[in-house]
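In: Sequence first, then the predicted structure, then my questions.
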Amino acid sequence: MSVKIRLQRHGKKGKPFYWIVAADARAKRDGRFLEKLGTYNPNTNPATVNLDVDGAVKWLQNGAQPTDTAKTILSYKGAMLKNHLVGGVRKGALTEEQAEEKFQAWLEEKAGKVASKEENVAKEKSEAKAKALEAEKAVNEARVAAAVEEVAPEVVEEEVAEEAAPEAVEEATPEVVAEEAAPEVVEEEVVEEATPEIVVEEAAPEVVAEEATPEEAAEEKKEESAE
């Protein structure tokens, strides 16, 4: 039976999560498997890999063939190196102690590289966050400045209107006074013009009463001549 070490997809759409499995080469990708060797999560930075190194080496020693992606993951965790060292021990090229020392030295070096990468990623995130805050602050300041520029002309117009209001009242005052005084003057003129006519009308009946008619005048002349 031909065995392959490959990835079996799990997780949600857009956020894949993989199992590292040893399965029959004839089985479907996401079908039955012989042994689960670990997990691979590409959604983190750096990617998170959990692997049973000894179990992977055992399958490799038994002739299992990893896919390209699985081989990269096995190399990342040191399984391919340990398989090579185990082969050297089997051939007598080195002892188990020497193979273990080399493998531990490689693990320490790899851990340092991973830690350095994690620090760089964290630093980049921090710098990106700081830049985002500065950009947001600049945008807010620009909005405030624009709002102040929009409000300033309105305030100036209101102040100008307030300063101009007393002048308008002062200019209007003489006209108002003249309008208020005009009716009294007109009434006085009307009274003066109407007075002579009223006097004449009142005096006219008295004058008429004093004058005698022609018949009365003739009787008076007769009486005078008789005397």
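Out: Sure, I can see it.
In: Can you say which helix or strand has A22 in it?
Out: Under the criterion of DSSP states H and E, A22 resides in strand 15-24.
In: Packing partners of that strand?
Out: Judged by 3 or more Cβ pairs under 8 Å, 6 or more residues apart in numbering; DSSP states H and E, strand 15-24 is in contact with strand 3-12, strand 35-41. The C-beta positions use only the backbone N, C-alpha and C, and glycine is treated the same way.
In: what's the average pLDDT for that strand?
Out: Average pLDDT, strand 15-24: 93.
In: Can you point out the buried residues in it?
Out: 18-23 (16 or more other Cβ atoms under 10 Å).
In: Where does E136 sit: helix, strand or coil?
Out: Assigned with DSSP: H, G, I helix; E, B strand; the rest coil, E136 falls in the helix class.
In: Give me the three-state assignment for the nearest residue to T39 once chain neighbours are set aside.
Out: Once flanking residues are discounted, T39 sits nearest to N50: 4.9 Å by Cβ to Cβ, 6 or more residues apart in numbering. Secondary structure state of N50, per three-state DSSP, is strand.
In: domain parsing for the protein?
Out: 3-93, 95-190 (automatic domain parsing).
In: Please identify the deepest-packed of the ones you listed.
Out: Comparing these by mean neighbour count (mean count of other Cβ atoms under 10 Å), domain 3-93 ranks first with a mean of 16.
In: hmm, back to that, and the pLDDT at the residue nearest to T39?
Out: N50 is assigned a pLDDT of 93 by the prediction.
In: thinking again about what came up before, by mean pLDDT, show me the worst of the domains of the chain.
Out: Among these, domain 95-190 scores lowest, at a mean of 73.
In: export the helices and strands packed on strand 15-24 to TSV and tack on distance to R29?
Out: Shown next, in TSV, are the helices and strands packed on strand 15-24 (distance: least, Cβ to Cβ, whole Å):
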stretch	distance to R29
strand 3-12	7
strand 35-41	14
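In: Out of those strands, which gets nearest to G92?
Out: Evaluated over these, closeness to G92 peaks at strand 3-12, with 27.1 Å, by Cβ to Cβ.
In: What is that closest one packed up against?
Out: If you count contacts as 3+ Cβ pairs under 8 Å, 6+ apart, strand 3-12 packs onto strand 15-24, helix 53-61, strand 65-66, helix 68-77.
In: Show me what the second one is packed up against.
Out: When contacts are defined as 3+ Cβ pairs under 8 Å, 6+ apart, helix 53-61 sits against strand 3-12, strand 35-41, helix 68-77, helix 79-91.
In: Sheet-wise, list the partners of the shortest one with their directions.
Out: Sheet neighbours of strand 35-41, with direction, are listed as strand 15-24 (antiparallel), strand 48-51 (antiparallel) (DSSP bridges).
In: just the angle between it and helix 53-61, please?
Out: With axes from the mean of the first three to the mean of the last three Cα atoms, to 10 degrees applied, the angle from strand 35-41 to helix 53-61 works out at 120 degrees.
In: just checking, the residue nearest to T39 touches G38?
Out: Yes. Between N50 and G38 there is a contact under Cβ atoms under 8 Å: 4.8 Å.
In: Which secondary structure element is home to A122?
Out: helix 96-210.
In: hmm, back to that, who touches the strand holding A22?
Out: For strand 15-24, contacts defined as Cβ atoms under 8 Å, 6 or more residues apart in numbering pick out 1-11, 31-43, 51, 56, 59, 64, 70, 73.
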